[in-house]
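K.L.:
pasting the sequence and the predicted model now:
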Amino acid sequence: MSMITYPSMGKLLKKVDSPYTLVILASRRARQLNVGARGLIEEYKSKKPVSRSLEEIAAGKVTYEIKRRN
């Protein structure tokens, strides 16, 4: 089992409201990258889609909006 070392968990959690949101956001973006979506940053430290999605989140290139139910 490997731990996330880059980007740091602290930096990632500053971009989202909860760890659960981070997991959903990263997995959705990783799926997009896996099927050929263009990268949002110029240089990645990793080759794996999940790690790349985390790098994009840390860079502020992938964001989210919470839709409130009425």
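P.N.:
Looks like it arrived, so ask away.
K.L.:
buried set for whichever helix in the chain runs longest?
P.N.:
Longest helix in the chain by number of residues, with DSSP state H as the criterion: helix 19-34. Of all the residues in helix 19-34, those buried under the rule 16 or more other C-beta atoms under 10 Å are 22, 25-26, 29-30, 33. (Glycine included, C-beta is placed from N, CA and C.)
K.L.:
now do the same end-to-end measure for stretch 31-51.
P.N.:
End-to-end distance of stretch 31-51 (C-alpha to C-alpha, to the nearest Å): 12 Å.
K.L.:
show me how far it is from its chain's centre.
P.N.:
The chain centroid and the centroid of stretch 31-51 are separated by 10 Å under C-alpha atoms, centre = their mean, to the nearest Å.
K.L.:
tell me which element the most centrally placed residue in the chain is part of?
P.N.:
A centroid search over the chain (C-alpha atoms, centre = their mean) returns L54, at 3.2 Å, as the residue closest to the centre. Assessed by DSSP states H and E, L54 sits inside helix 49-58.
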